[in-house]
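Student: Sequence unavailable; structure follows:
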């Protein structure tokens, strides 16, 4: 049987639903609707229903969705029902913010290593980690089979570091540098783009 | 004459083109094509042409786009052809990273004030700014007519701070807290969501 291919745009909305479900659960709710889920994700109720229908039947007409169940199902679909080890490359201001932000580990992304190429930083402590030399990066990532990396290195070196990460077996890169990365087929890159988000808003000002 | 309404999805792609144009310009190019622009924005050439056609004629069939001209035109369309003063609320690790990141001012977003409600931080220096008490936030934002704010405050207070910002006249909020903000009609919010970007990628792992 051929596997059903889910459009990436649908996949991209699942984390929004997961976040909305988490929020509703924290608000003390146990049941939600596509309308409510949509309102908290900025997506129409019809789109919510359509997106979820790609993956099966999660609720009954008229009785809504069980929040805990839907949360666990979407977590499973997104492969975030377990903890991922992550490598953080770059220990500047942004690396500090990431290493100290509890949200990553709370959502299953545990920083395993912090690497930097600055001799003044290597050996220092950051968020419970000893900053390691970038020279050990490929070896340690390979050894532990780490698949996810967060990159907070300067733009001028980000492609070079990404190439090394791919060589080490990393399959998913969260890139904080405002530079388009070129990676082989099968490697995922997401770029954090606050400036582009600002520019999107200024259009309306 | 009725004003042409541009779909928001089209607007949302313009900053990507701007970033790609900047990259191409830095690479020493002066002319580009919809194909090249698309390749650097992860968007199809046909989509690039269609998006740009909403705003006029920027290139001639067969001769491509003049990079400097297209850059200045898109900057003008996005209202980023001048400098915006921005208020930064929250001076924790993420606030530090933002205040020290040169990319914001290089792209026309100049931090004018940094506010915090922590007495231990008020009066300290951050990225060339003296951290001011949140109690002065509404007054100073009103006085200077600041329209844009970046929020790096804890989730539990982010809605309250957003309400104050809106009251002060802020029209665009870049929210770093993983919480959906409720704002009046006409106020723009963009949320920086690195965890959701990670979760999007883990689907494919």
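Tutor: On my side now, so go ahead. The structure presented is a predicted model; accordingly, all values stated were derived computationally and were not measured.
Student: use CA for all of it now, contacts and neighbours both
Tutor: Will do.
Student: can you tell if the top helix by length along chain A touches chain B?
Tutor: Across chain A, the longest stretch assigned as helix under DSSP state H is helix A:8-26. Yes. In this structure, helix A:8-26 sits against chain B according to C-alpha under 8 Å from any C-alpha of the partner chain; the contacting residues are A:11-12, A:14-16, A:19, A:23.
Student: Strands of chain A, start to end?
Tutor: A:31-32, A:59-60, A:64-66, A:84-89, A:109-116, A:125-126, A:129-130, A:132-133, A:148-151, A:172-175, A:188-191 (DSSP state E).
Student: Just the mean pLDDT for the last one, thanks.
Tutor: This predicted structure assigns strand A:188-191 an average pLDDT of 96.
Student: what residues go with each domain of chain A?
Tutor: For chain A, the structural domains run A:8-77, A:84-196, going by automatic domain parsing.
Student: Those: lowest mean pLDDT?
Tutor: domain A:8-77 (a mean of 92).
Student: First-to-last residue distance for it?
Tutor: 13 Å (C-alpha to C-alpha, to the nearest Å).
Student: Equivalent analysis for stretch A:101-112, please.
Tutor: Taking C-alpha to C-alpha, stretch A:101-112 runs 14 Å from one end to the other.
Student: Next: stretch A:56-68.
Tutor: Between the opening and closing residues of stretch A:56-68 lies a distance of 16 Å (C-alpha to C-alpha).
Student: Give me the residues contacting it.
Tutor: When contacts are taken as C-alpha atoms under 8 Å, 6 or more residues apart in numbering or on different chains, the neighbours of stretch A:56-68 outside the stretch itself are A:21, A:24-25, A:29-34, A:52, A:70.
Student: can you put those residues in CSV and add distance to residue B:62 and neighbour count?
Tutor: Putting the contacts of stretch A:56-68 into CSV (distance: C-alpha to C-alpha, whole Å; neighbours: other C-alpha atoms under 10 Å in any protein chain shown) gives the following:
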residue, distance to residue B:62, neighbour count
A:21, 50, 27
A:24, 53, 19
A:25, 55, 16
A:29, 58, 14
A:30, 58, 14
A:31, 57, 18
A:32, 53, 18
A:33, 51, 19
A:34, 48, 21
A:52, 44, 20
A:70, 51, 20
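Student: Can you say which two of those residues are spatially most distant?
Tutor: A:29 and A:52 (19.7 Å; C-alpha to C-alpha).
Student: For the spatially most central residue of chain A, give the beta-bridge partners.
Tutor: Using C-alpha atoms, centre = their mean, the residue of chain A that lies closest to the mean C-alpha position is residue A:174, 7.1 Å off. When bridges are assigned using DSSP bridges, the partners listed for residue A:174 are residue A:150, residue A:190.
Student: one step back: just the residues of helix A:8-26 next to chain B now: which is nearest residue A:47?
Tutor: Taking C-alpha to C-alpha as the measure, residue A:47 lies nearest residue A:14 of the residues of helix A:8-26 next to chain B, at 11.4 Å.
Student: what's the neighbour count on the nearest residue to that closest one once chain neighbours are set aside?
Tutor: Spatial nearest neighbour of residue A:14, excluding adjacent residues (C-alpha to C-alpha, 6 or more residues apart in numbering or on different chains): residue A:74 at 7.0 Å. By other C-alpha atoms under 10 Å in any protein chain shown, 20 other residues sit near residue A:74.
Student: which ones are touching residue A:40?
Tutor: A:20, B:180.
Student: quick one: it from residue A:23, how far?
Tutor: Noted for residue A:40: a distance of 8 Å to residue A:23, by C-alpha to C-alpha.
Student: Could you pull out the helices in chain A for me?
Tutor: So, for chain A - with DSSP H - the helices run A:8-26, A:34-39, A:45-53, A:67-77, A:93-100, A:102-106, A:137-144, A:155-168, A:194-202.
Student: CSV for the ones you listed, including distance to residue B:103?
Tutor: What follows is the helices of chain A, written out as CSV (distance: least, C-alpha to C-alpha, whole Å):
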stretch, distance to residue B:103
helix A:8-26, 27
helix A:34-39, 33
helix A:45-53, 36
helix A:67-77, 34
helix A:93-100, 13
helix A:102-106, 24
helix A:137-144, 27
helix A:155-168, 11
helix A:194-202, 8
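Student: quick one on the thing from earlier: pick the most buried one from the strands of chain A.
Tutor: Burial among the strands of chain A, expressed as mean neighbours by mean count of other C-alpha atoms under 10 Å in any protein chain shown, is greatest for strand A:148-151, which shows a mean of 26.
Student: count of residues packed around the closest residue to residue A:29 other than its chain neighbours?
Tutor: Once its chain neighbours are removed from consideration, residue A:29 has its nearest residue in residue A:67; the separation is 7.6 Å (C-alpha to C-alpha, 6+ apart). Applying the criterion other C-alpha under 10 Å, we find 23 residues in the vicinity of residue A:67.
Student: For chain B, see how far away residue A:67 is.
Tutor: Plainly put, residue A:67 is 17 Å away from chain B if you go by C-alpha to the nearest C-alpha, to the nearest Å.
Student: quick one: residue A:100 from residue A:158, how far?
Tutor: If you measure residue A:100 against residue A:158 using C-alpha to C-alpha, the figure is 22 Å.
Student: my bad, residue A:9
Tutor: The spacing between residue A:9 and residue A:158, counted by C-alpha to C-alpha, is 26 Å.
Student: Residue A:73 too?
Tutor: From residue A:73 over to residue A:158 (counting by C-alpha to C-alpha), the distance is 35 Å.
Student: These two: which is more packed in?
Tutor: Counting neighbours by other C-alpha under 10 Å for residue A:73 and for residue A:158 shows that residue A:158 has the greater number, 21 against 17.
Student: close enough to count as contact, the more buried one and residue A:176?
Tutor: No. Between residue A:158 and residue A:176 there is no contact under C-alpha atoms under 8 Å: 9.2 Å.
Student: any common contacting residues for the two?
Tutor: Shared contacts of residue A:158 and residue A:176, defined by C-alpha under 8 Å, 6+ apart, are found at residue A:151.
Student: Can you name the residues that contact the closest residue to residue A:100 other than its chain neighbours?
Tutor: Distance criterion C-alpha to C-alpha, 6+ apart; nearest residue to residue A:100, sequence neighbours excluded, is residue A:127 at 5.5 Å. Residues near residue A:127 by C-alpha under 8 Å, 6+ apart: A:96, A:99-100.
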